[in-house]
Every structure is written in C-alpha cells, then in structure tokens.
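K.L.:
Sequence and computational prediction follow.
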Amino acid sequence: MDTVVSTSALLSIPVASLPPVRTITSSSYSNKLFSGFFYGSGSRIRQVGFRNYSSSTRAVRTVRTVPKFSIASSAGIQEIDETQFQDSVLNSDRPVLVEFVASWCGPCRLISPAMEWLAQEYKDRLTVVKIDHDANPKLIEEYKVYGLPALILFKNGKEVPESRREGAITKAKLQEYVDALLESMSVA
C-alpha cells in the first residue's frame with residue numbers, strides 16, 4: 001500500500017494502489033487554513049496541504065496524475081518511424097495499412113483493440129504498421145495527417161486513392177473499410 005506523507009511529517013495517509021501514472025507537480029501559496037488531502041476523479045487530482053506554523057501562509061502542493069499510455073505494438077502490428085517508413089511501407093510487396101497515433105489521443109486508445117484484431121485476422125493479406133504522431137513530424141507533414149487516429153492504405157509505394165480515414169472506428173466498420181479497400185485493389 002502506498003503512503004503519502006506531507007512535508008511537515010505530521011500527516012501520513014495510506015492511499016489505495018493506483019495504476020501507473022505520470023506525475024506533474026506544482027506549488028502555490030495562499031492564506032487559507034489547512035485543507036488536507038484530496039482525491040479527485042477524472043484527472044485524479046491529489047492535493048496535499050499543510051499549515052506553516054511559523055508564518056500565516058499555507059503551502060499547497062498539487063499533484064496531477066495522468067494515466068500512462070504507450071503506443072507499444074502487439075505481435076501483429078509493427079511500430080515504425082521515419083527511418084523505417086521507406087522499407088516497411090513504400091518498398092513492401094503487399095498492401096500496408098498505416099495507423100498514425102499518439103500517446104495522448106483518446107480515440108487512438110479506443111480503436112487499438114480493433115487494430116490488433118485486424119492485424120491478426122488479415123495477416124496473410126495485409127501488413128499493419130503504427131507510427132507515433134509526435135515522434136515523426138516529417139511523415140505527418142508529408143502525408144498531411146490532420147486528425148488522429150489516421151488510417152492510410154499504401155500499395156506499391158503509393159497511397160491508395162480514397163483510403164484515408166481519420167477518427168475512431170468500430171471493429172465492424174473497420175472490417176468493412178478494409179474489405180472494401182482490398183476488394184477495390186483486386187479489381188483494379
């Protein structure tokens with residue numbers, strides 16, 4: 001069990017186990033009385049306050065925690081960067097579905113399980129790769145990715161016309177989208 005201890009060492013509060021978090025800390029001073037320890041929902045705001053008995057001010061340290069999200073890929077989805085794009089996407093002998101994502105993007109997290117399912121289900125017909133938006137600004141600018149998540153299908157080193165899709169998508173709609181693209185490529 002985690003314990004939060006104030007800097008005055010007079011206050012020790014047990015805290016239930018939390019998921020891994022990123023911590024952002026700020027300090028502010030005010031003339032209010034001791035407010036104690038607060039836990040908020042949503043952004044999970046914890047506030048530790050203590051009264052400075054040597055003066056009339058109270059120091060408040062606010063800690064905002066943000067759940068960690070990684071864009072780590074499953075066995076079916078390969079995460080690539082700008083240096084690997086040419087070999088993995090443009091020089092590929094099979095169609096490649098590129099997913100542009102970011103760690104801070106909520107819709108990217110929503111479609112992640114559907115994308116992993118797609119990579120496994122279509123592994124014999126399609127390669128799925130993931131590109132981090134923040135770490136690859138040249139690709140973002142070159143392919144004019146304005147919304148996340150963005151899906152673009154490439155075949156023979158070129159973007160397939162009408163293949164671009166931005167925003168969250170359900171598993172069923174994702175399957176329809178990919179089936180239609182693969183069917184149109186086989187007809188052409």
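P.N.:
Looks like it came in fine.
K.L.:
Now do the buried residues in the host helix or strand of residue 107.
P.N.:
According to DSSP states H and E, residue 107 maps onto helix 106-121. Across helix 106-121, burial judged by 16 or more other Cβ atoms under 10 Å covers 107, 108, 109, 111, 112, 114, 115, 116, 118, 119. Placement of C-beta: from N, CA and C, glycine included.
K.L.:
before we move on, what about stretch 132-144?
P.N.:
Of the residues in stretch 132-144, 132, 133, 136, 139, 140, 143 count as buried by neighbour count, 16+ other Cβ under 10 Å.
K.L.:
pLDDT at the second one, what is it?
P.N.:
At residue 133 the predicted local distance difference test score is 95.
K.L.:
Excluding covalently adjacent residues, which one is nearest to residue 140?
P.N.:
Nearest non-adjacent residue to residue 140, counting by Cβ to Cβ, 6 or more residues apart in numbering: residue 133, 5.9 Å away.
K.L.:
Would you mind confirming that that neighbour is in contact with residue 102?
P.N.:
Yes. Here residue 133 reaches residue 102: they are 4.1 Å apart, a contact under Cβ atoms under 8 Å.
K.L.:
joint contacts of those two?
P.N.:
residue 148 (Cβ atoms under 8 Å, 6 or more residues apart in numbering).
K.L.:
so where's the chain shaky on pLDDT?
P.N.:
Residues of the chain meeting the criterion pLDDT under 70: 1-75, 188.
K.L.:
One more pass at 90, please.
P.N.:
1-76, 185-188 (pLDDT under 90).
K.L.:
domains in it, as residue ranges please.
P.N.:
2-67, 77-187 (automatic domain parsing).
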